[in-house]
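Undergrad: structure for this input, please:
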Amino acid sequence: MHKKFSKAVAIALATSILSGMCSIGTINAEADSDPIKIMSVGDSITNGYWEQGAYRKYNVLASDGYSIDMVGSSGSNEESFSDENGNTFAYDGNHVGYSGYAIQYITGTETRQGILEVLTEKAYGDGGNQDMIEAYNPDIVLLQIGTNDVLSAYNDGIKERLRNLAETILSDMTDETDVLFITTIPYFDAKEVYSWLWAYGSSIPEYYEGSTDPEKQQQVIDKINGFVDTYNQDIKELVSEMQTEGKNVQFADINSVVDISTDMYDGVHPNETGYRKMGEYWAERLEEYWSKEPDVTTTTEETTTTEETTTTEETTTTEETTTTEETTTTEPEIVVDIPGDCNNDGMVNIIDMAIMKNGIVYGFKNEITEKLADMNQDGKTNIADLFAIAKFIIGM
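TA: Purely as a prediction, here's the structure:
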């Protein structure tokens, strides 16, 4: 569980379980003084080009009871919007979204300012001596960038530029629990933004051969979104590489939930439906990350035995025998250090209770988690353990 998960949320959820309400989604806890700080970083899609507040106004995490503080150089922490029924909702609108910006400053087909330079400019701390990550000290960064690189035909070297940006962000996220999420970018509907693609020029002949021809338009759409596919695969590979290097980076896939045929305002920027889907996706992705269960591993032991025999004759013979024993533990010994610590992170808290609830209702993913969830150590994992952990969290 994240170190800044709201204690008020924990008490609210535990109390709701003791009252017979086991749904996480029904919690309404007030934010405490130590919320989780989230920074949304990106271009105009993050900014909210046509829809002020972008996905931040669909503050699903806050409505689920999480104590959240959106941070950044733009927006306000007290914003509001009205839905189609005239209902008004308040939300925290701070962000670092800059319209038209690329991964970093780049010039050629057209000049693009870079989000890298925005983040590293020493202008945000006391006296202007800190860069943005240092100054706002986010616990989580949600990075969605690269749309303008592709629009301007800056596809070469895009993965390396993204790596440089990601490593720069991580270098200032010094707490071991801080995490950077890097997400894919949505497809473009090129027929809606035909004039935006001039940077491709003769590299896409169809662009010049009749923009009103549906077949030609579709060819352009397919080619442009081919570059999006390549970049999104680069993102997935980069996250995997950085995880192997021990960096706390997570992959997200916004492109999987945004439909260019229904969720776009102008072919590039999401409409209200698209932003709602993005807000819901980010809430689900973060809750999934917070609630992940420990992996089950098996061990293989290799033993080498060397025997040496020396005779007393004039000729000395040495015989070496190597024996290899391979053992795979199919049923690893389960040592429960802390009953109720379902994700085995050394603490018993609200995330463990969520894992326990899901396991009891839908079944546990593995035997280790089920053993850890046996809060009262009676050899069974059931509703009694859920009540026990709820009472433990609220101090009973």
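Undergrad: top helix in this protein by residue count?
TA: When the chain is parsed with DSSP state H, its longest helix is helix 214-244.
Undergrad: for that helix, buried residues please.
TA: By neighbour count on 16 or more other Cβ atoms under 10 Å, the buried set for helix 214-244 is 216-217, 219-221, 223-225, 227-228, 231-232, 234-235, 238-239, 242. For the C-beta atoms, the positions are set from N, CA and C on the backbone; glycine is no exception.
Undergrad: for stretch 344-352, same thing?
TA: So for stretch 344-352, counting by 16+ other Cβ under 10 Å, buried means 344, 348-352.
Undergrad: which ones among the residues you listed are found in helices?
TA: Judged by DSSP H, the buried residues of stretch 344-352 include 350-352 as members of helices.
Undergrad: between those, which sits nearest Asn366?
TA: Asn366 has its nearest neighbour among these in Asp352, at 15.0 Å by Cβ to Cβ.
Undergrad: which among the buried residues of stretch 344-352 gets closest to Ala102?
TA: Distances from Ala102 to the buried residues of stretch 344-352, taken by Cβ to Cβ, are shortest for Ile351, at 36.8 Å.
Undergrad: kindly provide the distance from the closest one to Ala190.
TA: 43 Å (Cβ to Cβ, to the nearest Å).
Undergrad: ok, Met375 next?
TA: On the measure of Cβ to Cβ, Met375 and Ala190 end up 56 Å apart.
Undergrad: quick one: contacts for the residue most central in space within the chain?
TA: A centroid search over the chain (Cα atoms, centre = their mean) returns Phe181, at 3.7 Å, as the residue closest to the centre. By Cβ atoms under 8 Å, 6 or more residues apart in numbering, Phe181 lies in contact with 140-143, 249-252, 285-286.
Undergrad: which of those residues fall within strands?
TA: Among these, the ones falling in strands (DSSP state E) are 140-143, 249-252.
Undergrad: any idea how far stretch 371-384 is from the middle of the chain?
TA: Distance of stretch 371-384 from the chain centroid (Cα atoms, centre = their mean, to the nearest Å) equals 31 Å.
Undergrad: same thing with stretch 88-104?
TA: 17 Å.
Undergrad: equivalent analysis for stretch 350-365, please.
TA: Its chain's C-alpha centre and that of stretch 350-365 lie 21 Å apart, by Cα atoms, centre = their mean.
Undergrad: same check, this time on stretch 99-116
TA: The answer for stretch 99-116 is 24 Å, by Cα atoms, centre = their mean.
Undergrad: could you dump that stretch to CSV, C-alpha only?
TA: Only the C-alpha atoms of stretch 99-116 are listed here, as CSV (Å, rounded to 0.1, in the frame of the first residue of the first chain):
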residue,chain,number,x,y,z
SER,A,99,-0.8,22.3,-25.3
GLY,A,100,1.3,21.6,-28.4
TYR,A,101,4.3,20.3,-26.4
ALA,A,102,6.5,17.4,-27.5
ILE,A,103,8.6,15.1,-25.3
GLN,A,104,11.4,17.6,-25.5
TYR,A,105,12.3,20.7,-27.5
ILE,A,106,12.7,19.7,-31.1
THR,A,107,12.9,21.6,-34.4
GLY,A,108,12.9,20.6,-38.0
THR,A,109,9.6,20.0,-39.8
GLU,A,110,8.2,22.3,-37.2
THR,A,111,9.4,23.6,-33.8
ARG,A,112,7.9,22.0,-30.7
GLN,A,113,8.5,23.1,-27.1
GLY,A,114,9.3,20.2,-24.8
ILE,A,115,7.7,19.0,-21.5
LEU,A,116,11.2,18.0,-20.4
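Undergrad: contacting residues around that stretch?
TA: Stretch 99-116 has contacts (Cβ under 8 Å, 6+ apart) with 41-44, 47, 49, 96, 98, 117-118, 145-146, 148-149, 152-154, 158, 161-162, 164-165, 168, 199, 201.
Undergrad: out of those, which are buried?
TA: By neighbour count, with 16+ other Cβ under 10 Å, the contacts of stretch 99-116 hold 41-44, 47, 49, 96, 98, 118, 145-146, 148-149, 152-154, 158, 161-162, 165 as buried.
Undergrad: just the ones in strands from those residues, please.
TA: 41-42, 96.
Undergrad: and the strands in the stretch 51-200 of the chain?
TA: Taking DSSP state E, counting those that start in this stretch as the criterion, the stretch 51-200 of the chain contains strands spanning 68-71, 79-82, 88-91, 96-97, 140-144, 179-183.
Undergrad: what residues does the shortest one touch?
TA: Just to be clear, that refers to strand 96-97. Contacts of strand 96-97 (Cβ under 8 Å, 6+ apart): 39-48, 54, 72-74, 115, 118-119, 132.
Undergrad: okay, now the unreliable bits of the stretch 201-350 of the chain?
TA: The stretch 201-350 of the chain contains residues with pLDDT under 70 at 202-203, 205-212, 292-336.
Undergrad: hmm, 80 instead?
TA: 201-221, 291-337, 343-347, 349-350 (pLDDT under 80).
Undergrad: what are the ranges of the strands in it?
TA: Applying DSSP E, counting those that start in this stretch to the stretch 201-350 of the chain gives strands spanning 249-252, 300-305, 323-328.
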